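K.L.:
Generate coordinates for the sequence data below:
(one chain, ligands or ions: 2)
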Amino acid sequence: MDMSKTRLNNVNSKVVKVPLASEILLSLDLNRASSEKMNEEEKAVKRSLGNEGFVPIKEILEGKHTDVEVNIRGWIHRTRDIGNMAFLNVRDPSGVVQATFVKDEFDEDKFKAIKDLLVESSLKVKGKVKEDERAPGGYEIAAADAEIVHASEDFPIHKDQSVEHLLDNRHLWMRSTEMRDILNVRSTVFGAIHDYFRTEGYKEFQSPILTPLACEGGATLFPVDYFDEEVYLTQSWQLYAEAAIFGLGDIYTIAPSFRAEKSRTPRHLTEYWHAEVEGLWHELDDIIALGEGLVLHVVDKVLEQNEEELERLDVDLDYLKRLEAPFPIITYDEAVSKLKKEGMNVEYGEDFGVPEEKKLTSLFEKPVFVTHYPKEIKAFYMKRDEKDDSKVLGYDLMVPHVGELIGGSVRETDVDSMIRRLKEGGEDPSIYEWFLDTRRYGSVPHAGYGLGVERVIMWLCNLDHIRDAIPFPSTPNRCRP
Ligand code: 4AD
Ligand code: MG
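P.N.:
Ligands and ions are numbered 1, 2, ... in the order given. Here you go, the predicted structure:
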């Protein structure tokens, strides 16, 4: 049986006008060998037909169905009635459109049932699309029929509610335009990171979440009771990645990392998504280029796919569009003297806090790499600079509003120095035994970095707090819903 024909017939019997999607399908070569890959457009058409001819609201707002009868389905975003008319703004994942119901055109009970529906009720609407300047988005549907799928209870989110209330009801707040916009950007960001690394020839590698190792110091570890042994939720994929490159070569991941950060700042989560990369024979220059390349690729993709969302989020699009390589590179020492010149009271040898990062990033038009930090304020695995033993070959990439976006370094390759550094940091080197083997059997130069994915989203979406960059945030004061 020719399934495609049956599907088309189905669609024709459900809607008066064949939806645009099926018009495209008609022109496709249906006999094409099934082994041939479907392109994105064809897949979208198939999905749409699988939906029995319901059109995405976005297409209506783009003027693709004007003066045509369509079916839509979604949730009530807002309602208003004026006696003999009811206006329902209907939302689906692609947009919101107004459906207008005229009392005289429905039987009395049905009109009342529709008019009395509460916000977030789900329904299907059939009607003719009309251009109308007064309607939000410029189009409306003159409803000819509707099917109530579920009449909602009183939705617990109303206008102007507290941040805490919205966080308690995060599972419902995810339906808001704002959260949908951010999550759309988030989806693009994840896709862009994967395609950047894969295109550049990095393979995807996964490390364990449960680990006895502290990659980034003992102060921010979450302990887990592992059958009477204490292990931790991973802070970073890095140490396992350093073992993997000997076999696999250049690798990357995007995975959750955990930090028991007690600092309640707007840019710290206790669980965040961490994009990390580790490259064989990589030097500082290589990971600088790789950091810059990744950030620019992500910005490009988001501008390409989410301009509408960014506009609604009030993002400075011109700033993002202006970004191009190269990003400025300064040393820690230069950063300190710049800050002093700006009148800031910075202690040489201390790590930068929020005020310092804010000031520093304001001095540059673009994200800025700060390199060669004092060894005391950086992790045990960072390689010392041969020219100045007090500094490490590492960097932080900083952006306005968020601060540190990436932390990366060249790795120490000498086993004795590594053991010494672990001891200096109060760690027990015996726990790191297997890791130290990476410096015993054919140790080679290598380097890598980690980028906080929510920090990128926070930066791109101009968010006040990092918790809005992740669907269900965990922070020191909450780990729910
Ligand atoms: O600078 P960090 O701690 O570096 C590492 O974990 C290295 N092992 C990475 C590597 O070289 N493979 O963390 C890297 C990035 C930071 O620059 C920041 O963007 C993000 O992870 N990050 C956090 N994001 C959200 N909440 C937190 N608590 C974060 N801590 C770090
Ligand atoms: Mg760091």
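K.L.:
Close to ligand 1: what parts of the stretch 151-300 of the chain are there?
P.N.:
Residues of the stretch 151-300 of the chain lying close to ligand 1 by C-beta under 6 Å from any ligand atom are Cys215, Glu216, Gln235, Ser236, Gln238, Arg259, Glu261, His268, Leu269, Tyr272, His274, Glu276. C-beta coordinates here come from the backbone N, C-alpha and C atoms, glycine included.
K.L.:
quick one: which of those residues is most hemmed in?
P.N.:
Ranked by the number of neighbours (other C-beta atoms under 10 Å), these place Gln238 first, at 27 neighbours.
K.L.:
okay, and for this protein, where does confidence drop off?
P.N.:
1-52 (pLDDT under 70).
K.L.:
give me the number of residues near Glu131?
P.N.:
A count of neighbours around Glu131, defined by other C-beta under 10 Å, yields 11.
K.L.:
Now, the residues of the stretch 151-300 of the chain next to ligand 1 that are in strands?
P.N.:
Among these, DSSP state E puts Tyr272, His274, Glu276 in strands.
K.L.:
Who are the contact partners of the second one?
P.N.:
I take that to be His274. By C-beta atoms under 8 Å, 6 or more residues apart in numbering, His274 lies in contact with Ser236, Trp237, Thr253, Ile254, Ala255, Pro256, Ser257, Gly450, Leu451, Gly452, Val453.
K.L.:
The fifth one sits in which helix or strand?
P.N.:
Following DSSP states H and E, one finds Ala255 within strand 251-258.
K.L.:
And that strand, how far out from the chain middle?
P.N.:
Relative to the chain's own centre, strand 251-258 is displaced by 13 Å; criterion: C-alpha atoms, centre = their mean, to the nearest Å.
K.L.:
Pick out the residue of the stretch 1-150 of the chain closest to ligand 1.
P.N.:
The nearest approach of the stretch 1-150 of the chain to ligand 1 comes at Pro93, 27.4 Å away (C-beta to the nearest ligand atom).
K.L.:
Burial check on that residue, number of neighbours?
P.N.:
By other C-beta under 10 Å, the residues close to Pro93 number 12.
K.L.:
There's contact between it and Arg180 in this structure, I believe.
P.N.:
Yes. The pair Pro93 / Arg180 is scored as a contact, 7.2 Å apart, by C-beta atoms under 8 Å.
K.L.:
Now for the two: what residues contact both?
P.N.:
Common neighbours of Pro93 and Arg180, counting by C-beta under 8 Å, 6+ apart, are absent.
K.L.:
Now name the helix or strand holding the most centrally placed residue in the chain.
P.N.:
For the chain, Arg186 is the residue whose C-alpha lies nearest the centre (C-alpha atoms, centre = their mean; 2.3 Å). Using DSSP H and E, Arg186 maps to helix 177-199.
K.L.:
in its sheet, what does the helix or strand just after that helix sit against?
P.N.:
Sequence-wise, the next helix or strand downstream of helix 177-199 (DSSP H and E) is strand 203-204. Neighbouring strands of strand 203-204 in its sheet, by DSSP bridges, are strand 251-258 (parallel).
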